[in-house]
Every structure is written in structure tokens, then in C-alpha cells.
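Peer 1: Below are the sequence and a predicted model; questions follow.
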Amino acid sequence: MRGTVLRTQASAAARRPGRLILTGLAILVASFVVLGTVLVQQITERTVRDNLSGTPAATDLVIGSPDVPPPTVTDVRQVRAVPGVAEAVARVSTGVSVGEGYLNLQSDPGNGPLTTVRVVEGSYPDRPGEIAVTPRTAERLGLRVGTTTSGTGGELTAPAPLTVTGVVDTGADAGYDAYAPDSVVTAWARLTAVERVDVRVAPGTPTEDVRQRVAAAVAGQPIRSGAEVREAEANAAAEQVGRLFILVGMFVSIAVVAAALVVTSTFRIVFAQRMRQLALLRAVGASRGTLVRALTAEGALTGLVAGVVGVVGALALGYALPAILRTTGRAVSSPGLPVAAAVTVVIGAVVITVVAVLAPALSAARVSPLEALRASSTTAGRRGIGMLRLVSGLLLAVGAILAGSATVSQLPEPDQSNYDPTVPLFLLVGSGALAFFALVALGPLLVRPVLAVVGWPLRQLGPLGRMSVGGIGGTPRRAAAVSVVVALGVTLTSGVVIGGASLQILADRELALSAPTDFEVRSNGGTLPAAVVTRAEAARGALARVVPYRRVDGVTLMRGADKLGDVESGYPTNDLDLTALPTTGDLDVAQGSLAGRGPGRIVLNNWVARDAALRAGDTVTLAMAGRRVDVRVAAVLPGDGPLHAGILTDPSDLDRLGVPAAYTGLLADAAGTGEDGRTAGVRALRQAIGGSQDVGLAVLADERDRNESLVRTLVLVAVGLVGLTVLIAVVGVGSTTALSVVERVRESGLLRAIGLSRTGLRTMLTVESGLYGVIGATIGLVLGIPYAWLAVRALGIEAPLTAPVLPLAGLFVALVVLTALAGVLPARRASRVSPVVALGADG
Amino acid sequence: MTTHAPPETSHAAVAAVDLVKVYGSGETAVRALDGVSVGFGRAAFTAIMGSSGSGKSTLMHCLAGLDTATSGRVLLGGTELTGQSDRTLTRVRRERIGFVFQSFNLLPQLTAAQNVTLPLDLAGRQPDPELLAHLVRVLGLTDRLGHRPSELSGGQQQRVALARALVARPEVVFADEPTGNLDSRSGAEVLTILRDSVRDLGQTVVMVTHDPIAAGYADRVVLLADGRLAGDIDKPNQVSVTDALRDLAARA
């Protein structure tokens, strides 16, 4: 008997391999994604290793390590004198302050196998006081070949001249890089020690001999082989990749859970279709256990096939993609053959499918033998849920609410400094997981109320809409099973979108303060010559906006004769005209209003307000060098002030404090866009500065770009990973619709017989599958937005709460369109079936 | 029985002319209908009878625009159905034809009332409230309208299906073994309702059955054998139908 039951079920599966794949499609996609992730990790790691630009490959020995006192300049000379040493290159870098800004001066031989740079213009420096710079540095700082400037750096305190002799190309060009041979760097900057020494052994000399001789020459310095150092560098880089992939793994496991849920619901549908057959088997004497075993075995077979197909697909793509990319000239390495991982994924697919199939198999085996004798069309799906499921769902929901309120009680106070986000975040994740499982349990009860709201406009559209809504509402268990997965995807995605938007606003606010414009010109300690401001203002073609300001450091806050706050020397103060800046709109206030600024009205940053115990509306006295001015606090900022100002005043108040009228700096924006506009702006400002002493130019826009692209990349990566779950949700909707179309072929036939057109049937089924998306996306947004807000608050980064309406609406629409599209193919198939055949089908 | 009077196609509610339907091709081809010409009168209750495989269901499917014939013509109230597009046939089914099936074929997720008005909903029309009230009363569905099919007995389900077929005032109601899944009492109810709809509402009804008792309710019985017309009984009763069927079986 047992064998017969297994055979009937297995032969049913074997006769329709397409349905087997369809049932396991979510597992197939999950297997593909999991092994794909393993392969991408291997590709990334190998690519990083193979293309690492660290220690040159010709390096045989490396002397020195960060753990011990560095090698001295004398050590370098002694190493060079060791017989068998063909070349010894000291690596050292030092920060250099030049009139034009900051330079990172690094040592490099400039030629030979140990160099990391390539001269593209002029010649490489060979005398102290000579440097080569990177192309971007030359552009940005105006350091062309032949330019002479002066600067201080290392142990050198009095400015000494620096002449640019050449331009060099390097792997990375930050825009403030200078190079010179080690002897030149150490001599100019008066350095006595270097970071490490790279040694190339003369050809034909055994490396080990040289190592022993070097060890004798510089006692106490650790010596490693070049291969060892390169390996360590590669491992460090690979470890970073590995850490990134731990995060990726987290998202992938959420996707796997989603796949398991989808497979559970597809099996439920498949078994429901076979209810009569199963009842018949029970009627002729098959036991429940036999049925459960047979159905579980079918699940295992499905998991095996889906797992193998997914793994093979991932391997094929994993090998093809790098090869294709290499033909376009990109350096991408091929992955290895992770046999163990592939086998594990297939076994995992089988195990997860078996686990997923258990609940449907148990409930299908509970079918009454009488069911076989009943008319098939009357066996509608059960609407309600069992008591056990209801109670456990309610318990989960209560747990989620408790954990959520615990999170709220742990949220940081404003300005709380010793806040540790670990516990609240942990509680929040727990609450989210509980809420999700509560949703899985209680889903069928939620479908109808949600449908009543979101289905309303559809019902007004006529009979087709009413029938689609009715079709979903009539089978709430199926609808819930699919919609919950969509909801999971939408919750995660909306969370990422909201988190990203909050971070973006936070970053905008920070940048509005630290980089309000593209450029800043500032005198180092003195004042700007009036001509600089005049010339900058005249350069309208290249500069869109020029806002000069004065900055003083010694302003104190007094009340009567008492000095407020703990700061000895006073607060940094400026009279920057906020209204002239384009980013003022991004500034928000903690108290008061920025509109209240004016003569006699000041704005304080958060820290100064706390230090001096002042609030918006308080009166206070500004004091400097014996002069005093009474003012009122118009507003307090939530963080730092623009250009790190502690106090922001009106220009007239600085005048009354006796501050000279000469500006100390100016802010400017480029007129053009992109790199060209920026370069034109730099050039114009450089000309405006002319030969003025001690005036520096900073390109704030570079920092802004870096931050913005960082935030954008983070959000994109997160959305991509979360997209995996969305993909599986869409696959789930597709396979559910496809299977339910088969299940309801009789119903389709009837509708066609009584006058529903092909187009009408197609529309109805497509709308139904879109409705899964609507229900899921609605539940997802309802959960996702509050959780995202809580998460942003729990992080304690004082980012504002936002609901970016457009992206969220886009997400909603995209999900609905995707799920509707997933139903298009099955709907087409259903509408092609002749009504006579459909009515004759054994439903 | 080698010749027939030519079918009165112009007066018929629905008529078949030289209808041929072949399933499959080549060696395995089966001629389910082999040149059937027959008309069904207006406001009449006609039963189509025959043994299994005689072609009676195929004939009904072709007459109702559910299936397309291989050759020959089908006329519905003078409209040519042969060769029409699926779109036109769908429209014809929706607006001019009603169906009653052996296995009821109600939509499980809709209530009885929603099932009744479904064809009108699809056509975007409102039901005639008087007719609807009349049908609900006559069919004894008054306190069953809010129930779903799974909560109704077989007889009740079939009465809902009858209401669904009649409420749109179709030109022809086709009933395919409407009593096949019912006990004799429920079956008698359904047949009485069909006959009353012909008498009281002037409805045209074409019913496929193999049950002589059911055929006894009809005004006329058309007999089919091997895809051809094999007899025509006016004002039949259970005895005359049983005799005719016995003759038919003896000749085969």
C-alpha cells in the first residue's frame, strides 16, 4: 500500500515536470542566490587579491613593522651597505602644510622595480625641496611643473621652499598627493625614522643569506619576506570583503526564509488540488501516515530538483560572467569550484523544502475519506484559522508589541551622550521578527479587512473588479500566504528607503554646516587682502556665488560681570550671511527660529548653548577685548554651526565688538556643473588669490561628493540585497497564480461559458495576482514605516524621521506592477483553454 | 427512420443544419456529429436523448456556441453562429443563452445571490427586479440568498443555477443532464421549474438527458444515435420514450 501511494504521487509529479519546477521555483531561486553569493564572494576576493596595489611584487624583504620602533635613517644606510642588497627603499609619508592647502608627501624611488608611480610630465625629484605631484593635485592646488611654494611638515617648523619638478600617475589620486625619493623626503622634513624598508635582493644571491646579513646590520628590526607581506595585505583586503559578505549573508538568509514560506503556500495549493485523489486513497485504506510520508517524499524530490537546477544555473552564470567581463577589458577573476558549498546548498534546499512541506502535508493528510464522494466544486478553501494558530499568532503579536514598547522606552533622550544602541536595536529586531511570524499566523484574518479597504476602488470598476476581489477574499489563506512574503519584502525595502532618506537628510545637514559651498578661501590667521574678495566677486563667469565673512575666536558670553561656560579663550564666532547660502534650507533648529536673526540677535550651536546654559529667547552679553554688546539668542542649532561657528552674529554686532572690517575668508560656488565647472572655479579663485601670502583654498565640494556617493552606494547596496526577498516574493506570486489557475480551470470554464470574454478572464486573473501585491505592499508599508522610524531613533544618530513619499509610492506601484506581471502568463494560459474542455476537467 | 421533414429553421429558436463535428484526425478520427439537421421551437421544452457517445452533448455544445462545428451551420434566432469569432460567441453566450450543468458549477466564493446575478454583472446589466423576485420566490431561495454553495444542498444549488440561467431572459436555456446529480425528488422539482418557465415565461429550453422520466417533462424528444438523428417524439411521456429507446437499442 505504502509503495502504491508513493508511486501514485511520484508518478503524478514525474508526469508534470513543469509543475514540479513551478512548485519549487522559489527554492530554485533561493538556491541560485545562495550559491551565487558564494561565487560572487569568491570572485570579489580573488579579484581583490589579484589586483591589489600594495607592496610591489619585486620586494624580497620588508624590514620594520608597526609593532616596534621604526627603522631609523641610519638603519636605511646600513641596509643599503649590506652585500647582496640590490635596492633598499624606505617607505615614509608625512603631512605638509603649504600655502595652497595640505599635501601628503610620500617616499618612492620613482623608477625601478620597487616604484609605485610613473612619471608622466617633467622629471622625478632628486634634491631636497623638490617634489612630484599627481595630476589631480596639480590641477586642484595649481602646482604645475616648475611652481615653487613653501611649506612646513614633519620635524620642519620653519617654512622651506618646495619646487614641483614633475607629475606622476599612481593607483589612487586623492588630489593632495606628492612624491619624492626617501632621501629627499627625510632630508627636507628633517625626519630621523621611516615606516619600513623594502629590499630587493641582487639576482643570484640567496635571499636567506641576505636576510641574515640584514638582521645582523639592523638588530631588533623584524624582517618579513615580501611574499608574506603581500599575503597579509591580500588577506586584510579579503577580510574586508568577507566582513561585507557576512552582512550579505544576513539578507540572503531572510530571502531563504521567504522562499520557504512561498514553497509552503505553493504546496498547500498543490495538495488542495489533489484533495479528491487523496480522499480516495484514504477511502480505499491508505493511512494518514502513509499520505504524509508520500507527500513529504514529493517535497524532498521537488527540493532536490530545484536545488540542483538552481546550483547548476548559479555555476554556469558564475563562470560565464567573469569571462564576459574580461572580454570588455575588466580585470575580474573567475571563481573556484566550491563543491562543498554546492552540495550543501542542494542538501539545504531539500531540508528546507521538506520542512516547508510538512505543515501542508499534515493538513492534507487530515482529509476526510468522505471528501472523495462530494461534488468537487463545493469544496471551497477554509476561511478561518485553527484555534492553535489563532492563539500562537496573538501571543506572537503581543510579544512583538511588548518588544516594540520596550524599544520605545529605551530610546535616547535628546542630547543623551552615553547612549548605547545595542539593546534597543536588538529589541527592535526581535520585535520585527515576532511581528512577522504573527503576520504569518494571523494573515488569513487580515486579508479580508485589508481587502475591504484596498479593494474598494476596484469593486467600483464593475463586475471584473468585484470578481477579482471576491476571488481573493474567498480564499484568504492562499492570499495571506503569498501576501505575507510580499509584505516581508516591502517592509525591508521601505525600511531601507526610509533609513537611507534619514541618513541623507542627516548628511545634508552636516554638509550644510561643514561644506555649505563648493569652495572656501581662508586666510591662515590673518585677514584676506581686499583685492582677493573684489577679484573673486568679479569672476562671475566661473563663480556663481561669493560670500565673504569674518571669523574671530575670542568672543566670550557674559551675564553682568560673570563669564558663562567653562571655556577660557571664548567661542569661535562668525558673521556668515546664511541667507546668501544655497543650503540654508537644510539647516534646522533645536530652539527658536533662524528667521529671528538680525542686529542684536545671535544663533548658538548646541554645544555652546549647553556650555553657557542658554536657551532661545535668553539675553546675554558678547564680550571681546574689553568691548561688550547686549544681544538676545534667536535660535539654537541641533548640532554644530556653519564653518564650526559657536556663535553666529550679525555683521553690525561684530563691528560693535571692534572687529576690523577686513574679511577673513570667503565661500564660493562654482557657476558650472561637474568636474569642469569645479576646475574653472578653482582656477578663478586661484587667480583671485594671486600671490597673497598665507591664503589657502579648500575644495569643500570634493568632501561633499565623497559623502553623498557613500550614502547613495550604501542605500543602493542595501536595496539590492533586500531586492532578493522581493524577487522571491514576486516568484511566489507568479507560481501561486499559475497553480491557482490550474486549480480553478473549471471555474474559468464556467465563466467563459456564461459569457466572460478571453480578455475579461485574463484581466480578472491578472488583477487578482496584482491584488496579492496590493495587500502585501499595504501590510508591508504599515509595518515598515513605523519600524524604520523606530530603527532610526534607536540608532541614536539624531537623524530626523522622514517618509520619502515618492520613493515609497514608487515602491508600492512597482510591487503591484511586478506581481500583476507575474500573473500575466498564467492568465493567458487559462484564457486559451476552451470552455468545453475546462468544464469537463476534473476539478 | 431514413428521412425527416426539413427543419423549420426560420421559426426555430435555435437550429442545426448538416452539422458535422469530427474529433481527432486520420485513423483515430471520431465523427461525433455526422450531418445533424434539427430545429428547436420557441417557447418549447425539448429533450435531446441518446446513449453515451451518441453525440448529444456535442450537439448541445455546438448549439450553445461553446464548441465550433467542423462543418454545417448553427442558427440562433436567425443569427449565424458558425465561423464567428470567440468575441462574438462570448457575447452571444452572455446575452442570449443560459446554462444549467449537471454539476451545478456555482462559484464557491460567491453567495447564492451573487451567483444568480453573475451573468448580468459580466454584461454590466442590472437584473429585472420583478423577474428576480419572482424567480427567487418560485425557486424557494428566499432565505438562501446569503449562503455560499458549500452551505447548500444539491437541489438548492441546482435551483440557484436555474435562477442564474433564467434571470437574464436568454433566448435559449441549455440544460446538460440537470438532474444527473440529484435525488428523484429534487430532480422532479428542477424539471417542474424548467417546464413552468416554458409555460409561464415563454422560455425556450433545450435539455440533454438520458433519463426517460426527465424526458417525460419535455414537449418533444429528439433522439440521437451515432451522431445522427434517430427519432423525434412529440408530446412524449415516460412510456413512449422508454419504448423508443428500446427500439433504438434493438436496432444497434
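Peer 2: Structure's in. What do you need? Numbers count the residues shown, from 1 in each chain, chains lettered A, B, ... in the order given.
Peer 1: How is the residue nearest to A:S569 when sequence neighbours are not counted assigned, secondary-structure-wise?
Peer 2: In space, and not counting its chain neighbours, A:S569 is closest to A:G554: 6.0 Å by Cβ to Cβ, 6 or more residues apart in numbering or on different chains. Any C-beta I mention is one placed from the backbone N, CA and C, and that applies to glycine too. When classified by DSSP: H, G, I helix; E, B strand; the rest coil, A:G554 comes out as strand.
Peer 1: what's around A:G554, how many residues?
Peer 2: Applying other Cβ atoms under 10 Å in any protein chain shown, we find 14 residues neighbouring A:G554.
Peer 1: Would you confirm that it contacts A:P572?
Peer 2: No: A:G554 lies out of contact with A:P572 (Cβ atoms under 8 Å); the separation is 9.1 Å.
Peer 1: Mind pulling up the pLDDT for residue 51?
Peer 2: You didn't say which chain, so I picked chain A. On pLDDT, A:N51 comes in at 68.
Peer 1: Correction: the question concerned chain B.
Peer 2: Per the predicted model, pLDDT is 84 at B:S51.
Peer 1: what do you get for the one 3 residues further on?
Peer 2: Looking at B:S54, its pLDDT reads 86.
Peer 1: so who does the residue nearest to A:S569 touch?
Peer 2: A:S569, A:G570, A:M624, A:A625 (Cβ atoms under 8 Å, 6 or more residues apart in numbering or on different chains).
Peer 1: Ignoring the adjacent residues along the chain, who's closest to the last one?
Peer 2: The spatially closest residue to A:A625, leaving aside those adjacent along the chain, is A:G658, at 6.3 Å (Cβ to Cβ, 6+ apart).
Peer 1: which phi and psi does that neighbour have?
Peer 2: Dihedral angles of A:G658 (phi, psi; degrees, to the nearest 10) stand at phi 90, psi 20.
Peer 1: now swap in B:R73 and tell me
Peer 2: phi -130, psi 150.
Peer 1: same thing with B:M49?
Peer 2: phi -120, psi 160.
Peer 1: For it, list each beta-bridge partner.
Peer 2: B:L223 (DSSP bridges).
Peer 1: distance of the spatially closest residue to A:S65 that is not a sequence neighbour from A:V62?
Peer 2: Spatial nearest neighbour of A:S65, excluding adjacent residues (Cβ to Cβ, 6+ apart): A:P222 at 4.9 Å. According to Cβ to Cβ, to the nearest Å, A:P222 stands 9 Å off from A:V62.
Peer 1: Pick out the residue in the stretch 351-500 of chain A sitting closest to chain B.
Peer 2: Relative to chain B, the nearest point of the stretch 351-500 of chain A is A:G474 (2.3 Å; Cβ to the nearest Cβ).
Peer 1: quick one: that residue and B:Q109 touch, right?
Peer 2: Yes: in terms of Cβ under 8 Å, A:G474 counts as a neighbour of B:Q109; the distance is 2.3 Å.
Peer 1: Between these two, which is the more surrounded one?
Peer 2: Ranked by neighbour count (other Cβ under 10 Å), A:G474 and B:Q109 place B:Q109 first, with 22 against 19.
Peer 1: got the phi/psi numbers for that one?
Peer 2: Per degrees, to the nearest 10, the backbone of B:Q109 is at phi -90, psi -10.
Peer 1: Give me the pLDDT value at it.
Peer 2: 74.
Peer 1: Distance check, it against B:L248.
Peer 2: Distance from B:Q109 to B:L248, by Cβ to Cβ: 43 Å.
Peer 1: just A:R632 next, same as before
Peer 2: Applying Cβ to Cβ to A:R632 and B:L248 gives a distance of 112 Å.
Peer 1: higher neighbour count, these two?
Peer 2: B:L248 (19 against 15).
Peer 1: Double-check that the more buried one belongs to a helix.
Peer 2: Yes: with three-state DSSP as the criterion, B:L248 is part of a helix.
Peer 1: Tell me, what's the model's pLDDT at it?
Peer 2: According to the model, B:L248 scores 83 on pLDDT.
Peer 1: contacting residues for it?
Peer 2: By Cβ under 8 Å, 6+ apart, the neighbours of B:L248 are B:G50, B:S51, B:L223, B:A225, B:A230, B:G231.
Peer 1: give me that answer again for 10 Å
Peer 2: Going by Cβ atoms under 10 Å, 6 or more residues apart in numbering or on different chains, B:L248 touches B:M1, B:M49, B:G50, B:S51, B:S54, B:L223, B:L224, B:A225, B:A230, B:G231.
Peer 1: is chain B contacted by the helix or strand harbouring A:L727?
Peer 2: Per DSSP states H and E, A:L727 falls inside helix A:700-743. No: among the residues of helix A:700-743, none lie within reach of chain B under Cβ under 10 Å from any Cβ of the partner chain; the closest is 11.3 Å away.
Peer 1: residues contacting residue 42?
Peer 2: Because you didn't say which chain, this covers chain A. A:V241, A:F245, A:G318, A:S333, A:S334, A:P335, A:G336, A:L337, A:P338, A:A341.
Peer 1: Actually, chain B is the one I wanted.
Peer 2: Here B:R42 is in contact with B:H11, B:A12, B:A13, B:V14, B:G77, B:E171, B:V172, B:V198, B:G202, B:Q203, B:T204 (Cβ under 10 Å, 6+ apart).
Peer 1: Return the subset of those residues lying in helices.
Peer 2: B:V198 (DSSP state H).
Peer 1: Just name the lowest-scoring one in the contacts of B:R42, pLDDT-wise.
Peer 2: B:H11 (69).
Peer 1: Contacts only, for the residue in the stretch 101-250 of chain B positioned nearest to chain A.
Peer 2: Nearest residue of the stretch 101-250 of chain B to chain A, counting by Cβ to the nearest Cβ: B:Q109, 2.3 Å away. With contacts defined as Cβ under 10 Å, 6+ apart, the neighbours of B:Q109 are A:380-381, A:383, A:467, A:470-475, A:744, A:747, B:115, B:148-150.
Peer 1: ok, now A:Q693?
Peer 2: A:G99, A:S150, A:S523, A:N524, A:G526, A:P529.
Peer 1: per-residue confidence at it?
Peer 2: A:Q693 is given a pLDDT of 71.
Peer 1: And what about it, helix, strand or coil?
Peer 2: With three-state DSSP as the criterion, A:Q693 reads coil.
Peer 1: Which positions within stretch A:759-775 qualify as buried?
Peer 2: A:760-775 (16 or more other Cβ atoms under 10 Å in any protein chain shown).
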